[in-house]
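Enquirer: heads up, no residue letters with this:
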């Protein structure tokens, strides 16, 4: 199943996120995912495994498992590259071994100190607090994202982790409207007003951590995974 984005391109509804995938296991995971029907891969520079994903994709193309046009590949601009959007996109393309991206997202609505394209570091100031770059506006970042479309490097552009107010601002200054807002939304955190706002304005909502974060949330916050919630568990068929 696919959904048509406001850019006119179709995006498979179900995608495989490569966050937290160990580098040594990515090849088999991606190739097997493609074999069982996955056609949408969700990547990010900050996941630090684009090179390994690219190797797996190249193998899939060379062996005839799929063609490039059969897949929908998403990746994301990291916080420290807001002032270097074009270079960061080209770096991701090189690592993924692709000529174009189907979707490129602003990973978070914050610009931090630049640490070198592709390094995806989160630099801290002398006070130990995240070193935010106040000279780069989200509007500037977005206009650079729009340039990627005109350059043919990216088919669709979007945002991630934007709330209602930042999404509204993006709509106000954009020449190319965001096609997607990828946000945390799941049974424990439904974000009804944000989802409805995006849908009203033709922005597709993609859910990251759609099952509540599972292992990550349990490790970081000690919260129960949706998968372990007795209300949400599906009883086995006898």
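Expert: The structure has been received and is ready for your questions. Every value quoted in this text rests on a predicted model; they were computed, and no experiment measured them. Residues are numbered from 1 along each chain as shown.

Enquirer: Which residue is the nearest non-sequential neighbour of residue 15?
Expert: Excluding the flanking residues, the one nearest residue 15 by CB to CB, 6 or more residues apart in numbering is residue 40, at 3.5 Å. C-beta here means a position set from N, CA and C on the backbone, and glycine is covered the same way.

Enquirer: That neighbour: neighbouring residues, count only.
Expert: Neighbourhood size, residue 40 [other CB atoms under 10 Å]: 20.

Enquirer: got it, and residue 100?
Expert: When neighbours are counted by other CB under 10 Å, residue 100 registers 15.

Enquirer: I'd assumed residue 93 was in contact with it.
Expert: Yes. Taking CB atoms under 8 Å as the contact criterion, residue 100 and residue 93 are neighbours in contact, 7.4 Å apart.

Enquirer: Common neighbours of these two, please.
Expert: Listed as contacting both residue 100 and residue 93 by CB atoms under 8 Å, 6 or more residues apart in numbering are residue 153.

Enquirer: Poorly predicted segments of this structure, please.
Expert: The chain contains residues with pLDDT under 70 at 212-218, 220-221, 223, 234-238.

Enquirer: And the strands in it?
Expert: Under the criterion DSSP state E, strands of the chain are mapped to 2-4, 10-12, 16-17, 40-42, 72-77, 101-106, 154-160, 180-184, 204-208.

Enquirer: Now render those as TSV, adding distance to residue 118.
Expert: As requested, those are arranged in TSV below (distance: least, CB to CB, whole Å):
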stretch	distance to residue 118
strand 2-4	30
strand 10-12	25
strand 16-17	20
strand 40-42	18
strand 72-77	11
strand 101-106	14
strand 154-160	17
strand 180-184	21
strand 204-208	22
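
Enquirer: Which of those sits closest to residue 126?
Expert: Proximity to residue 126 (CB to CB) singles out strand 72-77 among the strands of the chain, at 26.3 Å.

Enquirer: Tell me what angle that closest one forms with strand 101-106.
Expert: 30 degrees (axes from the mean of the first three to the mean of the last three CA atoms, to 10 degrees).

Enquirer: neighbouring strands for strand 72-77, and are they parallel or not?
Expert: Strand 72-77 has its sheet partners listed here by DSSP bridges as strand 40-42 (parallel), strand 101-106 (parallel).

Enquirer: about what we covered before: quick one: which of the strands of the chain is nearest residue 119?
Expert: Counting by CB to CB, residue 119 lies closest to strand 72-77 out of the strands of the chain; the figure is 13.1 Å.

Enquirer: Now tell me what touches the closest one from outside.
Expert: With contacts defined as CB under 8 Å, 6+ apart, strand 72-77 is touched by 10-12, 15, 39-46, 50, 57, 85, 88-89, 92, 96, 98, 101-107, 141, 145, 160.

Enquirer: now that strand: how far from the chain's centre is it?
Expert: Taking CA atoms, centre = their mean, to the nearest Å, one finds the center of strand 72-77 at 5 Å from the center of the full chain.

Enquirer: Name the residues of it that are buried.
Expert: Neighbour counts over strand 72-77 (16 or more other CB atoms under 10 Å) mark 72-77 as buried.

Enquirer: And for the residue nearest to residue 1 when sequence neighbours are not counted, the neighbour number?
Expert: Spatial nearest neighbour of residue 1, excluding adjacent residues (CB to CB, 6+ apart): residue 13 at 4.7 Å. Residues lying near residue 13 (other CB under 10 Å) number 11.
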